[in-house]
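Visitor: this one's structure only:
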């Protein structure tokens, strides 16, 4: 409870180490502390019973404190009131005590201060957090009028001790004042909820959610109680109390396992909290938490929409009407019904069923209504969904679906961003689970890869949203949208999710009524939805075997076209780190090569048919003549802005094309990579070849694509000078990089990363041995890889770098110095040695 300027206790702003008279921790306080400890350490009761028991125990203790304090000071006409969560009788193990000391105004200020001290100091002495205020009833009413948070806290006021009439008067006035001012205060509360959600994010998607402050958390549940108390609207009751109770239970377990008053469910605590709640693991805990948050979020959406409808009906001021209207643009006039589709109309800003609609005779109606609502950018009325759901339970869609049902699903998925709220409403009412039974496996399933923004199910819907913007690029938009919805459906099953997903996708596509050819295409898209991005960023596109392998997997130009669009939609829906103009260019290049192959024009290996460019030859000649490195830098223009998930435009860092020619000698790759790392240049791709332009010995030509980490490019002369020093040994790159790593470690929080993994990609190339490195991304990683390969005595033909978040996947094509492929055993030994070097 927020303290007002009218507080008369005169106590210090923060709890002192001990009370002025030497401490108030009497025997009764010790009894409370012991009883509290026994209650919290006992396995039973738990959940609501334990919270109520702790509140009751605390009530008795505080009541005794007030009685003793009143007797010692002679002050009468007071009441001790619990507000907020404590007022609701929901006291978690580390919750603060939110208390209001009411008085009738007759006591002297000094006596009242002495009384307050005898209440607050014992609480502080036990190490409990305390939020308190001292007011008369009139001061409490004035504070409520001036401060919305105070007003909300008083709605949960509960009498603890003293004069009950004081408490009753304040509580009655609080409810009367709230109901009177609700038309003006509810928009303010709505704005506070939105601001909090913008700061804290959505609980149902966060890997480390704040159970209280994030959207869909306990604060929103409290706001719904306040709306109900206004008598203007009420929240949907289905599952709401269960969801709130589960979040409270999780917070209790979090308090007990950490011993701290925290609401943030940190990663390192999730396994312990899950164990305390009797759950299998942290994923089961997160999934239940997400489900609870989703229930509360959906209830909040529906309730705020109803608040807006009621306020508009009461002719609220235009500014407030705009704030709560729910959508811009034209809406039907109040009471006017505008047709949207067969059996569906718009009424007061919502899509509702027409008076003549008969969902029990029309099993497609729920999909038709959902598609119409999404295409019109309207919310689908809750009562419409529930009516269709009841009818669907007795008259479900036939399997396989009729053509109209399939078309309406595709229409819903093709509505873009408006698909999301309609889909979530259907899911909240259980419709999606009945239409697509396999959906339950991915519903609210967490993804522990930090690259992912969403849970699995929301990612699938978001991919369909992104794919909707690409439907003009493909010949079968329906297959693209359905494949987008299903591409990660296998994540609910053991093993490779692409393999499992292929089988599930066949079943779902058959259920939807697609023919055998379309089923095969959808299954192929799901099975290979990662093929293009992984190949483009981890394989040598100049190797004909790379193109041939992709062409064989895809099978046809039409499927390739769909897979290209699905790849982009999937990456855009994953998160900002998963897609960029660079990755787009690589995938587009690969698609063009595969398309040529599928059209009967196999791509030739440029290393065999294409000689060096004029610039490369010039640099090689100069390096051979001078005996030292020669560099050329070409600044790449800033890339096209990419729209991030938060709607902001994010640009690729300014990058450069870097050519280095240097006479053949040991250590060129690690030296060059180390110099780039020292200058904070991130390597995106690298290619190496040997030339002998003047017949006086080979010259190594290294082609790099790099990005400046902080946007500023180094001068070519500085790069060359450092490369010369690195090659002659006067610049100790390993020591410089180690020094930087130590400085970075001191400034940053330690992260427990999985160990690096190095494998041989057997069969990926006929002309080279392909080594794939997966490791935590770090400055100088490619330098360390180069040093290890140099020590192994192999020739690096090309290197391909891909970075997703904190994870690096680097692929190098190596041969013996005579150009031959490494034997199988030798390749395995190389991979093992490289892995050990990176550890």
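Guide: Ah, there it is. These numbers were taken from a predicted model, which means no experiment stands behind them. Numbers count the residues shown, from 1 in each chain.
Visitor: now residue 267, nearest residue through space, not along the chain?
Guide: In space, residue 267 comes closest to residue 208 once its chain neighbours are excluded; the distance is 5.8 Å by CB to CB, 6 or more residues apart in numbering. C-beta coordinates here come from the backbone N, C-alpha and C atoms, glycine included.
Visitor: what secondary structure does the one you found sit in?
Guide: coil (DSSP: H, G, I helix; E, B strand; the rest coil).
Visitor: residues contacting it?
Guide: 264-267 (CB atoms under 8 Å, 6 or more residues apart in numbering).
Visitor: which pair in these spans the largest distance?
Guide: Pairwise distances across the contacts of residue 208 (CB to CB) peak at 10.1 Å, for the pair 264 and 267.
Visitor: Who has more neighbours out of the two?
Guide: Shown here are residue 264 and residue 267; by other CB atoms under 10 Å, residue 264 has more neighbours (17 against 12).
Visitor: Residues in a beta bridge with that one, which ones?
Guide: residue 210 (DSSP bridges).
Visitor: right, and it touches residue 209 too?
Guide: Yes: checked against CB atoms under 8 Å, the pair residue 264 and residue 209 is within contact range at 7.3 Å.
Visitor: how about the residue nearest the centre of the chain, secondary structure?
Guide: Centroid check for the chain by CA atoms, centre = their mean gives residue 453 as the closest residue, at 3.3 Å. Three-state assignment for residue 453 (three-state DSSP): coil.
Visitor: how about it, what does it touch?
Guide: 205, 459, 462, 574-575, 645.
Visitor: The same query, at a cut-off of 10 Å, please.
Guide: Residue 453 sits next to 201, 205-206, 447, 459, 462, 573-578, 644-646 when contact means CB atoms under 10 Å, 6 or more residues apart in numbering.
Visitor: okay, now residue 462: neighbour count?
Guide: 23.
Visitor: Chain neighbours aside, what residue packs nearest to it?
Guide: Closest to residue 462 by CB to CB, 6+ apart is residue 573, at 4.0 Å.
Visitor: how distant is stretch 772-780 from the center of its chain?
Guide: 24 Å (CA atoms, centre = their mean, to the nearest Å).
Visitor: End to end on that stretch, go ahead and measure it.
Guide: 17 Å (CA to CA, to the nearest Å).
Visitor: just use 727 as the starting number from now, easier for me
Guide: Got it, the first residue is 727 from now on, which makes the last one we talked about stretch 1498-1506.
Visitor: distance of residue 1167 from residue 1220?
Guide: 11 Å (CB to CB, to the nearest Å).
Visitor: Please apply the same query to residue 1308.
Guide: From residue 1308 to residue 1220 the distance is 34 Å (CB to CB).
Visitor: what do you get for residue 1229?
Guide: Counting by CB to CB, the gap between residue 1229 and residue 1220 amounts to 12 Å.
Visitor: So these two - more neighbours on which side?
Guide: Per other CB under 10 Å, whichever of residue 1229 and residue 1220 has more neighbours is residue 1229, with 15 against 7.
Visitor: Please identify which helix or strand holds that one.
Guide: Element membership for residue 1229 (DSSP states H and E) is helix 1223-1238.
Visitor: buried sites along that helix?
Guide: 1223-1224, 1226-1228, 1230-1232, 1234-1238 (16 or more other CB atoms under 10 Å).
Visitor: what do you get for stretch 1307-1327?
Guide: 1307-1310, 1312-1313, 1316-1317, 1319-1321, 1323-1324.
Visitor: for the longest helix anywhere in the chain, packing partners?
Guide: As assigned by DSSP state H, the longest helix anywhere in the chain is helix 890-926. Helix 890-926 is packed against strand 804-808, strand 823-829, helix 863-872, helix 874-880, strand 884-888, helix 944-956, helix 1008-1039, helix 1044-1050, with contacts defined by 3 or more CB pairs under 10 Å, 6 or more residues apart in numbering; DSSP states H and E.
Visitor: Select, out of the ones you listed, the one closest to residue 1193.
Guide: helix 1008-1039 (23.1 Å).
Visitor: Rounded mean pLDDT for that closest one, please.
Guide: For helix 1008-1039, mean pLDDT is 93.
Visitor: again, but for stretch 1236-1247
Guide: Rounded mean pLDDT across stretch 1236-1247 is 96.
Visitor: can you check stretch 912-925 too?
Guide: For stretch 912-925, the per-residue pLDDT averages 94.
Visitor: And for stretch 813-824?
Guide: 93.
Visitor: on that earlier part again, any shared contact partners between residue 1167 and residue 1220?
Guide: With CB under 10 Å, 6+ apart as the test, residue 1167 and residue 1220 both reach residue 1226.
Visitor: Next, residue 1066: secondary structure please.
Guide: Once three-state DSSP is applied, residue 1066 turns out strand.
Visitor: Let me see the contact set for it.
Guide: With CB under 10 Å, 6+ apart, residue 1066 has these contacts: 1072-1073, 1077-1078, 1080, 1094-1095, 1097-1099, 1101-1102, 1104.
Visitor: Not counting its neighbours along the chain, what's nearest it?
Guide: Residue nearest to residue 1066 in three dimensions, not counting chain neighbours: residue 1098, with 4.0 Å by CB to CB, 6+ apart.
Visitor: Give me the neighbour count for residue 800.
Guide: 11.
Visitor: Check the one 10 residues further on too.
Guide: Around residue 810 sit 24 other residues, with neighbours defined as other CB under 10 Å.
Visitor: Report the contact partners of it.
Guide: By CB under 10 Å, 6+ apart, the neighbours of residue 810 are 727, 816, 821-826, 857, 875, 878-884, 948.
Visitor: Against residue 817, how distant is the nearest residue to it once chain neighbours are set aside?
Guide: With sequence-adjacent residues excluded and distances taken as CB to CB, 6+ apart, residue 810 is closest to residue 824, at 3.8 Å. Taking CB to CB as the measure, residue 824 falls 10 Å from residue 817.
Visitor: Residue 1310 now?
Guide: From residue 1310 to residue 817 the distance is 54 Å (CB to CB).
Visitor: just residue 1211 next, same as before
Guide: The value you get for residue 1211 to residue 817, if CB to CB is used, is 44 Å.
Visitor: Out of the contacts of residue 1066, who's the most crowded?
Guide: residue 1095 (33 neighbours).
Visitor: how about it, secondary structure?
Guide: Classified using three-state DSSP, residue 1095 is helix.
Visitor: Quick check, pLDDT for the residue nearest to it when sequence neighbours are not counted.
Guide: The spatially closest residue to residue 1095, leaving aside those adjacent along the chain, is residue 1070, at 4.6 Å (CB to CB, 6+ apart). Residue 1070 is assigned a pLDDT of 93 by the prediction.
Visitor: Who are the contact partners of residue 1070?
Guide: Counting by CB under 10 Å, 6+ apart, residue 1070 has contacts 1077-1080, 1083, 1091, 1094-1099, 1102, 1104, 1106, 1110.
Visitor: circling back to that earlier point, can you flag the buried ones in the contacts of residue 1179?
Guide: 927, 931-932, 1173, 1185, 1188, 1299-1304.
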